[in-house]
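Visitor: Okay, here's the prediction I keep looking at, along with the sequence it came from:
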Amino acid sequence: MTPVELPREELERMIFFEEACQRAESDHDKDPTDAQVLTRWGGALLELAHFRNGSDAVEMIERAVNKFDAALKINPRKHDALWCLGNALTSQGFLFREQSKAEEYFDRAKSCFQRALNEEPTNEIYKKALEMTDKAPGLHAELQRQLAEQELEQKKVRMPQSSAGSTTEASVSSEWFYDISGWICFAGIALSWAMLQREQN
């Protein structure tokens, strides 16, 4: 979805997080050792990934992971960075069709959520994230089943068409896949941003 196609409220959100990225980058230039700035930067990137499709979304998530990793190198016990990293890793897991590959990311995400909870045992958001991670493999399998069914239907519809239609089919399937995974994995990111803002204030 392009900025022109976004509803006004969503467009404002996108602009807000783009500006947040710019502020975080500027703050990071002033103090590269500030783990909170890196966490805010990663959180904004993760939010922006929600507005991207395909490879653009993947690249945005990878950049967010790099920021969270950098924050944790400075402060390995930073629970909000661990929680955000867990969300990013879960998002990455859903981008793989292979179950075994996806579960590698889900396992890493679960470790992050557990470490975050260890640092703040009463945090209900961290507890919920840990519970939801256990459901990720089953959800991934269901998404793959739905994707396979949709691709089969598309092949039936497009079979009489030329090979050029195959390219369109792949594009449509890819966009559907990323849209679905984005809907699931970014559902809690707004909570993370609110938490980060609260800690900063």
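Guide: Cool, got the structure.
Visitor: gap between residue 47 and residue 83?
Guide: In this view, residue 47 and residue 83 are 14 Å apart by CB to CB, to the nearest Å. C-beta here means a position set from N, CA and C on the backbone, and glycine is covered the same way.
Visitor: More neighbours: the two, which one.
Guide: For residue 47 versus residue 83, the count of surrounding residues by other CB atoms under 10 Å is larger for residue 83: 31 against 23.
Visitor: With adjacent residues omitted, what lies nearest to that one?
Guide: residue 116 (4.4 Å; CB to CB, 6 or more residues apart in numbering).
Visitor: how near is the one you found to residue 71?
Guide: Taking CB to CB, one finds residue 116 at 13 Å from residue 71.
Visitor: Now do the host helix or strand of residue 148: which elements does it pack against?
Guide: Assigned by DSSP states H and E, residue 148 belongs to helix 124-158. If contacts are counted by 3 or more CB pairs under 8 Å, 6 or more residues apart in numbering; DSSP states H and E, helix 124-158 sits against helix 79-94, helix 99-119, helix 164-185.
Visitor: so where's the protein uncertain?
Guide: Applying pLDDT under 70 to the chain picks out residues 1-4, 159-201.
Visitor: Let's see that with 80 instead.
Guide: 1-6, 53-54, 155-201 (pLDDT under 80).
Visitor: Can you list the buried residues in the helix or strand hosting residue 17?
Guide: In the assignment (DSSP H and E), residue 17 maps to helix 8-30. The neighbour-count check on helix 8-30 (16 or more other CB atoms under 10 Å) flags 13, 14, 17, 20, 21, 24, 27, 28 as buried.
Visitor: just the CA coordinates of that helix, formatted as CSV?
Guide: What follows is helix 8-30, C-alpha atoms only, in CSV (Å, rounded to 0.1, in the frame of the first residue of the first chain):
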residue,chain,number,x,y,z
ARG,A,8,-5.4,9.7,6.9
GLU,A,9,-5.0,8.2,10.3
GLU,A,10,-2.6,5.5,9.1
LEU,A,11,-0.7,8.1,7.0
GLU,A,12,-0.2,10.2,10.1
ARG,A,13,1.0,7.2,12.0
MET,A,14,3.5,6.4,9.2
ILE,A,15,4.8,10.0,9.2
PHE,A,16,5.1,9.9,13.0
PHE,A,17,7.3,6.8,13.0
GLU,A,18,9.4,8.1,10.1
GLU,A,19,10.1,11.2,12.1
ALA,A,20,10.8,9.0,15.2
CYS,A,21,13.4,7.2,13.2
GLN,A,22,15.0,10.4,12.1
ARG,A,23,15.1,11.7,15.7
ALA,A,24,16.5,8.4,17.0
GLU,A,25,19.2,8.4,14.3
SER,A,26,20.1,12.0,15.3
ASP,A,27,20.2,11.1,19.0
HIS,A,28,22.3,8.0,18.2
ASP,A,29,24.9,10.1,16.4
LYS,A,30,25.2,12.2,19.5
